[in-house]
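Trainee: next input, structure requested:
(2 chains)
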Amino acid sequence: MQDSARGTMVEQLSGGVKLRVRQATKVYPTASGDLLAIDRCDLDVRAGEIVCVVGPSGSGKTTLLWSMSGLHGLSSGEVQLDGKPITKPSRDIGMVFQDANLLPWRTVEANINFPFEIMGQAPDKAWIAQLVHRVGLEGFEHRMPSELSGGMQQRVALVRALSFKPSVLLMDEPFGALDAFTREEMNHLVEEIYLDTHTTIVLITHSIEEAIFLADRVIVMSARPGRIASEHVVPFARPRSMEIMSTKDVFDLTNVIKKEIIGDQKSMAGRSGSVVKATG
Amino acid sequence: MESTDAIPQFSKSESKAGGVGVSNMSALAAGPGIQSVRDVAIIVMVAVIVIGGLELVLNIFAVPQYVMPKPSEIAVALVTDFWFILPHLGHTLVELFSGFGIGALVGLILAAVITQFPFAEKIITPYILLLVTTPMLALVPLLILRFGFGYTPRIIAVALAAGPMVMINAATGFRRVDRGKIALARSYGASTLQIFWKIRAPMALPMIFVGLMVGSIFGLLTAVGAEMVGGGFGLGNRLTSYSSMIQMPQFFAVVLILSILGILIYVLFFLLGKKFASWEA
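Mentor: A predicted model of the protein is given here:
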């Protein structure tokens, strides 16, 4: 927040805070006691910003994202979208899940139309056709998901999430199951779509490279309980090319984040057990 | 993390979890496909050899008709007595369709409802298991005593035989909860009813077809069995009647009709399953 240069840059791009997370805490009851998944997390995401969240497994990244989507409630704290508290899923938010999470009994087209079916609206055909063209799914509309590769499936999921023009896109480790080349392709695609639509994006990933390539800001979480440990501004201009990934700046930033995550895991190894009694 | 709103783990194996009986279906459906005219020719040739060979052997050893009628005699009986047997086939079909219809409907509704309430399911399941494992034919004498020799006892027996079979398979289907897919629907604001029709029901469909297939075959079995116990009509009644009069060609003609009926039922549900649940394979 002290970085005034960045502040002005982001403010030029965007209006105010799109998503505001305040003191977000989530406790899961388990057989062996309560598990504190995330603990007093604070995060502001500005409109038109890409924020990537990285952290070791068990750092509550996904829990944080699901709370932002309104898919589950918090034990305490609050998430606001445009200043209004989120208590249930909103059509302003599009979700992209781990794996593609397509419905295997529906064709590509029927999968893309699924949100409209649930909302009881006619699909926005022109917009969907544009998206399908943009991600290169033309000609695959009548295929079944099982006939598509992992990358193609995730493209369908991306179109599905954007089909109803949400102002926020939440992505939960979307490309974790893809091979490195496909992943790179998908990262470029996300940036292209971002430059087209200026959708606010929060993306969870365990790839530091992916986070740095895509993000305006990288948030690092620490594990058990999940807390926000640090944030790093990624100042490169868009569109970014893969060449920047081999520059010294990126190399240094990658190492800093890597050290934070590894350091956190080492300190965790010293602790006994992973179950923490929640106080609140 | 045994919590209702725990984050789903999208491991590859989860989508297969709970699909215990689905392999039944693929096992039933795993017949080799017919590839060419040559295949058809070979299949027909083998059939001719088997049936012709049987005819020949029965002739050579002069096997009496009351032991085993010749295929040709069965064919003649099937043609000449066809119009006499047809109404009996009609009666059996009436019992099968109405009994299976009632049983399957109740079974499906029960499966859909109780899987929503895990505690109720735990209590009810042992009784359903009891109904599945007890041969419902055992109740037929009692049912006849109570309802007479009409359709009623037979339809009840068929429903009792088919219903639990449908239910137990459908329940397995409805239990295949995929939290990720439910979360997907909920992220668009889906209601409980929408989640049921758009996610749970399609996911259960392959198992529902397995249940309907097995249930209908059990229904046919029970219908014929019940007809053999009492009452003056139905294919089962023809079997007891023909055997008591040692009319073996007619007896086997009825057996042949029953086999064809069973195969038709199997093919029907196989095709339905292929059309509506092929994504599973």
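Trainee: what residues are up against residue B:115?
Mentor: Each residue near residue B:115 by CB atoms under 8 Å, 6 or more residues apart in numbering or on different chains is listed here: B:121, B:171, B:174-175. Just so you know, the C-beta spots here come from the backbone N, C-alpha and C atoms, and that holds for glycine as well.
Trainee: domain ranges for the chain, per the record?
Mentor: Assuming you mean chain A. When chain A is parsed with automatic domain parsing, its domains come out as A:1-87+A:166-175+A:198-280, A:93-165.
Trainee: should've been chain B
Mentor: Using automatic domain parsing, the domain ranges for chain B come out as B:34-63, B:69-280.
Trainee: shaky segments in chain A?
Mentor: A:1-15, A:264-280 (pLDDT under 70).
Trainee: do a quick rundown of the helices in the stretch 101-250 of chain B.
Mentor: B:118-133, B:140-147, B:151-174, B:179-187, B:192-195, B:201-229, B:235-244, B:248-276 (DSSP state H, counting those that start in this stretch).
Trainee: most neighbours per residue, which of the ones you listed?
Mentor: Stretch with highest mean neighbour count among the helices of the stretch 101-250 of chain B: helix B:151-174 (a mean of 26; mean count of other CB atoms under 10 Å in any protein chain shown).
Trainee: any idea of the angle it forms with helix B:201-229?
Mentor: For helix B:151-174 against helix B:201-229, the angle between stretch directions is 150 degrees (axes from the mean of the first three to the mean of the last three CA atoms, to 10 degrees).
Trainee: going by distance to chain A, which of the contacts of residue B:115 wins?
Mentor: residue B:174 (15.0 Å; CB to the nearest CB).
Trainee: relative to residue A:122, which of the domains of chain B is closest?
Mentor: Among the domains of chain B, domain B:69-280 comes nearest to residue A:122, with 14.8 Å by CB to CB.
Trainee: once you drop chain neighbours, what's closest to residue B:228?
Mentor: Nearest non-adjacent residue to residue B:228, counting by CB to CB, 6 or more residues apart in numbering or on different chains: residue B:236, 4.1 Å away.
Trainee: mind listing what that neighbour touches?
Mentor: B:92, B:223-229.
Trainee: what's the neighbour count on residue B:279?
Mentor: Using other CB atoms under 10 Å in any protein chain shown, residue B:279 has 16 neighbouring residues.
Trainee: tabulate the helices of the stretch 101-250 of chain B (TSV), appending mean pLDDT.
Mentor: Output for the helices of the stretch 101-250 of chain B, formatted as TSV (pLDDT from 0 to 100):
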stretch	mean pLDDT
helix B:118-133	86
helix B:140-147	91
helix B:151-174	93
helix B:179-187	89
helix B:192-195	90
helix B:201-229	92
helix B:235-244	92
helix B:248-276	90
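Trainee: assign the nearest residue to residue A:260 once chain neighbours are set aside to helix, strand or coil.
Mentor: The shortest distance from residue A:260 to any non-neighbouring residue, by CB to CB, 6+ apart, is to residue A:220 (5.3 Å). Here residue A:220 is strand, with the state taken from DSSP: H, G, I helix; E, B strand; the rest coil.
Trainee: cool, and the one 4 residues further on?
Mentor: For residue A:224, the reduced secondary structure class is coil; criterion used: three-state DSSP.
Trainee: what's around it, how many residues?
Mentor: Residue A:224 has 20 nearby residues by other CB under 10 Å.
Trainee: ok, it touching residue A:58?
Mentor: Yes - look at residue A:224 against residue A:58 with CB atoms under 8 Å: they come within range, at 5.5 Å.
Trainee: what sits against the residue in the stretch 101-250 of chain B that chain A sits nearest to?
Mentor: Residue nearest to chain A within the stretch 101-250 of chain B (CB to the nearest CB): residue B:188, separated by 4.2 Å. Counting by CB under 8 Å, 6+ apart, residue B:188 makes contact with A:89, A:91, A:114-115, A:118-119, A:164.
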